[in-house]
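Trainee: Give the three-dimensional model of this entry:
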Amino acid sequence: MHNHGPNRNLNAKAKDFSGSIKKLFKYNKSYLAFMLIGWISAFLSVILTLLGPDKLKEITNTITEGLMTGIDLDRIKTIGLTLVIFYSLSFIFNYIEGLVMSTVTNKFSKKLRTEISSKINRLPLSYFDKTTIGDILSRVTNDVDTIGHTMNESFSTLVVAITMFTGSLFMMIKTSPILALTAVLSTVLGFGLMMIILKNSQKYFTKVQEELGNINGTIEEVYSGHNVIKAYNASSEVEQKFDEINEKLYENGRKSQFYSGLMQPIMGFIGNFGYVMVCIVGSILTMKGLTSFGVIVAFMIYIRLFTQPLTQFAQALTQLQSTAAASERVFEFLEEKEQVVEVEKKFLDKDKAKGTVEFKNVEFGYTEDKKIIKNFSAKIKPGEKVAIVGPTGAGKTTIVNLLMKFYEINSGDILIDGVSIHDLTRENIHDLFVMVLQDTWLFEGTIKENIRYNDLTISDDEIEESCRIIGLDHFIKTLPNGYDTVLGDTDTLSSGQKQLLTIARSMVDDSPFLILDEATSSVDTRTEIVVQEAMDKLTKGRTSFIIAHRLSTIKNADLILVVKDGNIIEQGNHKDLLKKNGFYAELYNSQFQNATTE
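Mentor: Residues are numbered from 1 along each chain as shown. Down below sits the predicted model:
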């Protein structure tokens, strides 16, 4: 599995709890004003709830006194009406709090997803080389959902709990200091146990979120390679790998839920213990005439209100542990090093571009200690068809990636029409090129939309003409909806047909430079001839770079660059290179010897 994020041990991650929550608040500051409205509503609701027992005490004392003389029904009616008003207002404030918090948290989740989506476009390709797709998807779905869900419940719960705790404590001290001291001493143990549990459980919540990312990455990998797994009878190995990750998720999930599950029973026991102690001490004080029956009734409610926040604390802090773990992963992604923000120094208009490309002593390596391209130099004239050949791993695709500025070169320079790529933005460079890659990519949409991709100025006639040229028009018209047939994950197109669609996409684009990276690798020999003819039309008037293992497809190239170990060891046209009887001739003859043998 890939190693995501900083290399830190579990105990160090457990210390990030407060930092993750602070970062969450800092990132959420645009919505903080609305959250305050919700919190104030929750605060007012609690205050009104706390005033209730005090009024009940008055009713109880009035009834107790009335049993000796006469019950003051008017006073009871007034107090009862006051209670109805208090609890009605409490309901209204609770409603406002729920409405505000649900709105704010959902908007915040939406903002996080938007930021992640935008961040993906700003990350260098090197990040995706070391990170699984499933892990990124887990951050967008599981982690953001966890943050949104717990923010909605935990933060408002904490406000209610803190207000309830301090308010009930104040009211208890005001009503009876002795009974208040009894309640406080009986709940001190609960606080200590809660802190110990929190300290030991946070690391497991962090690991749960990490393992969710790992298991999503594995599932995505297995699903995309399902046919290969079946063909090689590798189901048992894949299941074993999945079971190992699933077991880790289970163990960390079990431990985190076990620790968090301890909180509420412990707090419930402490609350009941405090309740019993208040009843005992209150009874003794009543018998000695130091307090009234109404005070005990009020205190029986206050002790519930006093211990209830402990359970709410336990629940909220358990959820916040998941939030802290999830937010750490989300913000870790959002804080990843981005591509350097480019300042446009020069601009090349693709309608006026000549088509000259020059590599000057280019050196590059994905890591500093291992260079792939070494002192690479070449000059391509406008309109030339350049083929780049060589063994696997020689650096052919890397050269194209450097030309497209997907990666920054370590040293040297690449000039397009005499302008250094350092002075051009990536957007400008990408606008000059059309690419047909070995790995086809089609999105869910109609065939027209896939060919017209990102250029709404292309007409239907141009799309159909490009398909006719490459021999795809007849097949498309046999589909139920023709060019309006929707492609998706379940389409029945072959790899070759998908490749032809990507070639058609490149044909309707009028960019001056063309890159074909193993563009015919997925088509049969007969289709390859048709595609080759289409390529000749496609490359006409364009400076073209063709990467191909089938050397028969690049015979008519104007210039062939033979790359080995990151260096150009031979260059020239097909005939000249065969006459040299060098490495190219060896590659070419070996292919045809194999074909003859077969």
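Trainee: What's the local residue count around F170?
Mentor: When neighbours are counted by other CB atoms under 10 Å, F170 registers 12. C-betas here are computed from N, CA, C, even on glycine.
Trainee: can you confirm Q312 is in a helix?
Mentor: Yes - under DSSP: H, G, I helix; E, B strand; the rest coil, Q312 sits within a helix.
Trainee: Check whether it really touches A161, as I assumed.
Mentor: Yes - the pair Q312 / A161 is scored as a contact, 3.9 Å apart, by CB atoms under 8 Å.
Trainee: Which pLDDT value does the model give V357?
Mentor: Note on V357: pLDDT of 90.
Trainee: Can you give the domain ranges for this structure?
Mentor: 19-334, 357-597 (automatic domain parsing).
Trainee: JSON lines for those, including distance to V340?
Mentor: Shown next, in JSON lines, are the domains of the chain (distance: least, CB to CB, whole Å):
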{"stretch": "domain 19-334", "distance to V340": "9"}
{"stretch": "domain 357-597", "distance to V340": "8"}
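Trainee: For E342, which of these is the nearest?
Mentor: Ranking the domains of the chain by their distance to E342 (criterion: CB to CB) puts domain 357-597 first, at 4.6 Å.
Trainee: now the closest one, how far from the chain's geometric center?
Mentor: In terms of CA atoms, centre = their mean, to the nearest Å, the centre of domain 357-597 is found 31 Å from the chain centre.
Trainee: One more: stretch 340-355?
Mentor: 32 Å.
Trainee: Stretch 209-217 too?
Mentor: That offset, for stretch 209-217, works out to 12 Å (CA atoms, centre = their mean).
Trainee: CA atoms of that stretch as PDB?
Mentor: What follows is stretch 209-217, C-alpha atoms only, in PDB (Å, rounded to 0.1, in the frame of the first residue of the first chain):
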ATOM      1  CA  GLN A 209     -10.100   6.900   8.700                       C
ATOM      2  CA  GLU A 210      -6.700   5.900   7.200                       C
ATOM      3  CA  GLU A 211      -7.800   2.300   6.800                       C
ATOM      4  CA  LEU A 212     -11.000   3.400   5.100                       C
ATOM      5  CA  GLY A 213      -8.900   5.200   2.500                       C
ATOM      6  CA  ASN A 214      -6.800   2.100   2.100                       C
ATOM      7  CA  ILE A 215      -9.800  -0.200   1.700                       C
ATOM      8  CA  ASN A 216     -11.400   2.100  -0.800                       C
ATOM      9  CA  GLY A 217      -8.200   2.200  -2.800                       C
END
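Trainee: mind checking how far L479 is from M287?
Mentor: Going from L479 to M287 by CB to CB, to the nearest Å gives 92 Å.
Trainee: ditto for S102
Mentor: For S102 relative to M287 (CB to CB), the value is 50 Å.
Trainee: neighbour-wise, which of these two wins?
Mentor: Neighbours were counted for S102 and for M287 using other CB under 10 Å; S102 has more, 16 against 9.
Trainee: Remind me which helix or strand that one belongs to.
Mentor: helix 73-122 (DSSP states H and E).
Trainee: I'd like to know which elements that helix is packed against.
Mentor: Here helix 73-122 touches helix 32-68, helix 144-150, helix 156-175, helix 293-334, going by 3 or more CB pairs under 8 Å, 6 or more residues apart in numbering; DSSP states H and E.
Trainee: Tell me which of the domains of the chain sits nearest to K346.
Mentor: Here domain 357-597 is closest among the domains of the chain (CB to CB), at 4.5 Å.
Trainee: thought Q571 was touching V563?
Mentor: No - taking contacts as CB under 8 Å, Q571 lies outside contact range of V563: 9.6 Å.
Trainee: Neighbour count for the two, which is higher?
Mentor: Set Q571 next to V563 and count neighbours by other CB under 10 Å: V563 wins out with 24 against 15.
Trainee: Please name the nearest non-neighbouring residue to the more buried one.
Mentor: G390 (3.8 Å; CB to CB, 6 or more residues apart in numbering).
Trainee: tell me the phi and psi of the one you found?
Mentor: phi 160, psi 170 (degrees, to the nearest 10).
Trainee: tell me the contacts of it?
Mentor: G390 makes contacts with K396, V562, V563, K564, L587, as judged by CB atoms under 8 Å, 6 or more residues apart in numbering.
Trainee: run the last query once more with 10 Å
Mentor: Listed by CB atoms under 10 Å, 6 or more residues apart in numbering, the contact partners of G390 are 396, 399, 547, 549, 561-570, 583-584, 587.
Trainee: Show me the residues you listed that map onto helices.
Mentor: K396, I399, F583, Y584, L587 (DSSP state H).
Trainee: Can you add neighbour count, distance to Y223 and pLDDT and give the residues you listed back as JSON lines?
Mentor: Listed next are the ones in helices among the contacts of G390 as JSON lines, based on neighbours: other CB atoms under 10 Å; distance: CB to CB, whole Å; pLDDT from 0 to 100:
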{"residue": "K396", "neighbour count": "22", "distance to Y223": "30", "pLDDT": "80"}
{"residue": "I399", "neighbour count": "26", "distance to Y223": "33", "pLDDT": "84"}
{"residue": "F583", "neighbour count": "17", "distance to Y223": "41", "pLDDT": "86"}
{"residue": "Y584", "neighbour count": "24", "distance to Y223": "41", "pLDDT": "85"}
{"residue": "L587", "neighbour count": "17", "distance to Y223": "37", "pLDDT": "81"}
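Trainee: Sort out which one of these lies nearest G541 for me.
Mentor: Looking across those and measuring by CB to CB, the closest to G541 is I399, at 22.6 Å.
Trainee: Need the nearest residue in space to that closest one, chain neighbours excluded.
Mentor: Using CB to CB, 6+ apart, the closest residue to I399 is I388 (6.2 Å).
Trainee: C-alpha coordinates for the helix or strand hosting the one you found, PDB please?
Mentor: According to DSSP H and E, I388 maps onto strand 385-389. The C-alpha coordinates for strand 385-389 follow below in PDB (Å, rounded to 0.1, in the frame of the first residue of the first chain):
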ATOM      1  CA  LYS A 385       6.600  14.000 -38.400                       C
ATOM      2  CA  VAL A 386       9.000  12.800 -35.600                       C
ATOM      3  CA  ALA A 387       9.000   9.300 -34.300                       C
ATOM      4  CA  ILE A 388      10.400   8.500 -30.900                       C
ATOM      5  CA  VAL A 389      11.400   4.800 -30.500                       C
END
